[in-house]
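Trainee: A structural model of the following input is requested.
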Amino acid sequence: MASRTSFPASGSRSKKPLGKMAGWLRQALSKKPREMPVSQESPACDAPPQCSQDDPPPSGLSSPAPVSSPAAASSRGLPPAQEGAASSSGGGRWSRDYDVCVCHSEEDFAAAQELVAYLEDTSASLRCFLQLRDAAPGSAIVSELCRALDSSHCQVLLITPGFLRDPWCRYQMLQALSQAPGAEGRTIPLLAGLARDAYPPELRFMYFVDGRGPDRGFRQVREAILRYLQTLR
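Mentor: The predicted structure follows:
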């Protein structure tokens, strides 16, 4: 019968190595991890550095424009009311190049010249456009007619027998009516050398100036223009 191999009892093992290991583990766990020193030259986080108000802006970027204020306006020598007017676009009478465009036939050029001379010589110094005098040489007739109407506040239609026969005068009349379809006072018919029943039907809703008076209606035309210009202020 084979002999049994005897194993040493568990309590008989040496406790010295285990005791040393347990002591080392307790010592390692009881110690705090060493903190990494923070350099004073590097930022504590990854956030980009903030510019102070005293620092100059980066190259390529301009500082925001200052907001205009009444105090800033007064520092420039302008009162607040004029400061606002200077920034706004021009208006009123000076928003167009001419006060009045005189539409006439070629055979009535002499009468149109007399009317323009009367309007320009008054104290109001009305700015008149006379096609054969003020049109740009070499330009197209249609372009000049449209430009004259667009650049004038009022239009005077010198309606004569020659006016009714001239297709360009009719074109000017229709263009003037398209710009001022209502009776706003911009289109002023001056009837000369025609009976009342010859008045163009397109203008029947407008009062005309009778050119048979002592001054041929020039004074009434001037007053009508000045009355309309006063509404532009």
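Trainee: what residues are up against the nearest residue to A136 once chain neighbours are set aside?
Mentor: Using Cβ to Cβ, 6 or more residues apart in numbering and skipping residues adjacent in sequence, the residue nearest A136 is E144, 6.6 Å away. Every residue, glycine included, has its C-beta placed from N, CA and C. Each residue near E144 by Cβ atoms under 8 Å, 6 or more residues apart in numbering is listed here: Q131, A135, A136.
Trainee: Report the contact partners of the second one.
Mentor: Neighbour list for A135: E144, A148 [criterion: Cβ under 8 Å, 6+ apart].
Trainee: what's it sitting at in phi/psi?
Mentor: Here is the backbone geometry of A135 (degrees, to the nearest 10): phi -70, psi 150.
Trainee: now do the last one
Mentor: In terms of degrees, to the nearest 10, the main-chain angles of A136 are phi -70, psi 130.
Trainee: Torsion angles phi and psi at the residue nearest to A136?
Mentor: Here is the backbone geometry of E144 (degrees, to the nearest 10): phi -70, psi -40.
Trainee: Can you list the buried residues in stretch 147-161?
Mentor: Neighbour-count burial for stretch 147-161 flags R147, A148, L149, S152, H153, C154, Q155, V156, L157, L158, I159, T160 (criterion: 16 or more other Cβ atoms under 10 Å).
Trainee: quick one: which of the residues you listed is nearest R186?
Mentor: C154 (5.2 Å; Cβ to Cβ).
Trainee: Just list whatever residues bridge to the nearest residue to that closest one once chain neighbours are set aside.
Mentor: Of all residues not flanking C154 in the chain, V100 sits nearest, at 4.4 Å (Cβ to Cβ, 6+ apart). Per DSSP bridges, residues listed as beta-bridge partners of V100: C128, C154.
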